[in-house]
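[1] task: produce atomic coordinates for the following.
(2 chains)
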Amino acid sequence: RGETYKLELIADLADGTISYYSHASFTDLCRGPHVEHTGKIGFFKLTTVAGAYWRGDEKRPQLQRIYGVAFDTKEALEAHLHMLEEAKKRDHRKLGKELGIYFFDDDIGPGLPLWLPRGAVIVEELEALAKKTEADAGYVRVRTPHICKEKLYETSGHLSHYKESMFPPMEFDGERYYLKPMNCPHHHKIFGSSLRSYRDLPIRMAEYGTCYRYEQSGELFGLMRVRSMQMNDAHIYCTLEQFEEEFLAVCRMYLGYFKIFGIEKYLMRFSTHAPEGLGKKYVDEPELWKKTEDMVERALVSGKVPYAKSANEAAFYGPKIDVQVWSVIGREFSLATNQVDFAVPKRFGLVYHTAEHGEQTPLCIHRAPLGTHERFIGFLLEHFAGNFPLWLSPVQVRVLTITEGQNEAARALEKRLKAAGLRADVNDTSHKVGYKIREAQGEKIPYMIVLGPKDVEAGTLAVRLRDGRQFMGVTEADFLAKVLPERDEKRLSPAWPQALA
RNA sequence: GCCGAGGUAGCUCAACGGUAGAGCAAUCGCUUCGUAAGCGAUAGGUUGUGGGUUCGAAUCCCAUCCUCGGCUCCA
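    The predicted structure is shown next:
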């Protein structure tokens, strides 16, 4: 079989020049160079073995690929291996389990995560952020059902372009119903539910919609790749003239979010269709592709949005901007997406009345700046190593008593902290305070208040931050004056003096 | 879906053909202690599931489900 592959490579050689390398009795077709012996490689370690499709095509056989890493120095190799070990500690699956964020259950099914109470807190904080941001940006909110008749996806084109990623239909009342893999067709129906005038546009329609996609079993990966997901979705229906401004407003929304989450490494990937890609998508409308792609690129250039072009990765209905981010472990993810769609609104017969008494198909921008809760929270777990900023922390303050004598005061303090809107709890078990601190550190709780007899007597707080800093004799008013702005301004790090008080 | 590796107590792991075990967590006592593990006791498992081989299976074989490393695909 190896010979067949080598012959195929030879046939593809552009200039017909064949080179080969020999090592003892082994001769190999290779562009080269080869090394004489492994001593010349430097410091290396073979890391993993895996099947890989011949020439990356899943229709073709697999060969075994051996992976390894090599470095100039032993220290560099060891540093790399150490980094991999450290990275494992930040794995969102490990942290998700340790911190009680989510879990999977065999009776629920693969790729169907359940949010635990602490995960649900994060989900709801993110939703609140999105809803506020979108309300400020002039979005309206809608809500749509999770299933619909087959007809909808025939109209949208999903059945012909996306069927293998949809769950099989359920049949009843003589109809076939599908779980929705995306929210757009439902939103299109809402747009089409009443007469629209050019005066109504743009219409920015948002929903944290739950979608279901039948991802291949081998593609499932913790929270990053799941089969049920809640998407920070919205569709902006606008005129051609409004497109650039709307599109750039979405890009600016991304940048605003990156700042909030401290995401520094990202790439806006502009996915277009390769010329040959035109044939397999909407073959009848190649001019539409060209038109929307040009439009997007003009907007990117005029808005000075840095981007990288990537051919043949567009959605079936149009070009898109994917936001690629890298977790600290070095995994790359499409975290968010921004897609342009001329085609599907047309298929749905969506129109608005123009000033000239005519009818025009609106342009639709699909956007999901926070992607899905699943992937975004998976990413944030790795990004923050579980040390969520205060506003996202499931438990924000824990009160630790030193002896039973403080239990009453601790409960009273907890009550006041909760009244201030903080997520607070108390550990009044009979363990030593060192043990309680260890436990709270493990849960990555941002603030610990150690309450002993001296504190109760003085009426002040002994505050411990999760980075180990301690501040004695803090008044409750001072504590709230520091913590509440940290929460409300969604600060990434607490504003406390560096020196140990 | 494909190639490969794994599933043992809530968690992390041991036992690898001969009665399933440890640490942590849990529960109950004792302890009342000042910034990352106080002490003791108790309880907890049809070894993912279903078949098979064997006097005997967590251990070997087959099937299946799930997870992991990749491939392919993607928010």
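
[2] dihedrals phi and psi, residue A:466?
    Phi and psi for residue A:466, reported as degrees, to the nearest 10, are phi -70, psi -10.

[3] which residues does residue A:391 contact?
    Residue A:391 sits next to A:125, A:486, A:487, A:488, A:490, A:491 when contact means Cβ atoms under 8 Å, 6 or more residues apart in numbering. All C-beta atoms are positioned from the backbone trio N, CA, C, and that covers glycine.

[4] again, only this time at 6 Å
    Applying Cβ atoms under 6 Å, 6 or more residues apart in numbering to residue A:391 gives the contacts A:487, A:490.

[5] all helices of the stretch 351-500 of chain A, in order?
    A:373-384, A:407-419, A:433-442, A:453-458, A:476-488 (DSSP state H, counting those that start in this stretch).

[6] most packed of the ones you listed?
    Highest mean neighbour count of the helices of the stretch 351-500 of chain A: helix A:373-384, a mean of 25 (counted as mean count of other Cβ atoms under 10 Å).

[7] tell me what it is packed against?
    Counting contacts by 3 or more Cβ pairs under 6 Å, 6 or more residues apart in numbering; DSSP states H and E, helix A:373-384 is packed against helix A:92-98.

[8] any idea of the mean pLDDT in the helix it packs on?
    Averaging pLDDT along helix A:92-98 gives 94.

[9] that helix: what's the following helix or strand?
    strand A:102-103 (DSSP states H and E).

[10] which residues in the stretch 1-150 of chain A form helices?
    Assigned by DSSP H, counting those that start in this stretch, the stretch 1-150 of chain A shows helices spanning A:2-12, A:74-89, A:92-98, A:117-136, A:150-156.

[11] closest one to RNA strand B among the ones you listed?
    helix A:92-98 (5.3 Å; Cβ to the nearest atom of the strand).

[12] now for the closest one, which elements pack on it?
    helix A:373-384.

[13] could you export the helix it packs on as CSV, CA atoms only?
    Below are the C-alpha coordinates for helix A:373-384, written out as CSV (Å, rounded to 0.1, in the frame of the first residue of the first chain):
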residue,chain,number,x,y,z
HIS,A,373,-22.3,28.8,26.7
GLU,A,374,-20.7,25.4,26.5
ARG,A,375,-17.6,26.3,24.5
PHE,A,376,-17.3,29.8,26.0
ILE,A,377,-17.3,28.5,29.6
GLY,A,378,-15.0,25.6,28.6
PHE,A,379,-12.7,28.2,27.2
LEU,A,380,-13.0,30.5,30.3
LEU,A,381,-12.2,27.6,32.6
GLU,A,382,-8.9,27.1,30.9
HIS,A,383,-8.3,30.8,30.3
PHE,A,384,-8.7,31.7,34.0
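
[14] does it come close to RNA strand B?
    Yes: counting by Cβ under 7 Å from any atom of the strand, RNA strand B is contacted by helix A:373-384 at A:374, A:375.

[15] roughly how far is that helix from the heart of the chain?
    The chain centroid and the centroid of helix A:373-384 are separated by 6 Å, computed with Cα atoms, centre = their mean, to the nearest Å.

[16] which residues does residue A:28 bridge with?
    Beta-bridge partners for residue A:28, by DSSP bridges, are residue A:21.

[17] what is the burial count for it?
    For residue A:28, the count of nearby residues is 13 (other Cβ atoms under 10 Å).

[18] picking up where we left off before, least reliable of the helices of the stretch 1-150 of chain A by average pLDDT, please.
    Looking at those, the weakest mean confidence is helix A:2-12, a mean of 75.

[19] ok and the residue in the stretch 201-350 of chain A nearest RNA strand B?
    When scored by Cβ to the nearest atom of the strand, the stretch 201-350 of chain A has residue A:218 as its residue closest to RNA strand B, at 2.0 Å.

[20] quick one: low-confidence ranges for the stretch 301-450 of chain A?
    In the predicted model of the stretch 301-450 of chain A, residues A:329 satisfy pLDDT under 70.

[21] can you list the residues of it near RNA strand B?
    Residues of the stretch 301-450 of chain A lying near RNA strand B (Cβ under 7 Å from any atom of the strand): A:313, A:315, A:322, A:333-337, A:368, A:371-372, A:374-375, A:402-405, A:430-435, A:437-438, A:441-442, A:448, A:450.

[22] before we move on, back to that, could the helices of the stretch 351-500 of chain A be laid out in JSON lines, adding distance to residue A:287?
    Formatted as JSON lines, those follow (distance: least, Cβ to Cβ, whole Å):
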{"stretch": "helix A:373-384", "distance to residue A:287": "34"}
{"stretch": "helix A:407-419", "distance to residue A:287": "61"}
{"stretch": "helix A:433-442", "distance to residue A:287": "59"}
{"stretch": "helix A:453-458", "distance to residue A:287": "74"}
{"stretch": "helix A:476-488", "distance to residue A:287": "50"}
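
[23] contacts for stretch A:396-404?
    Outside stretch A:396-404, the residues touching it (Cβ under 6 Å, 6+ apart) are A:390, A:407, A:410, A:413-414, A:417, A:422-428, A:433, A:436, A:440, A:445-452.
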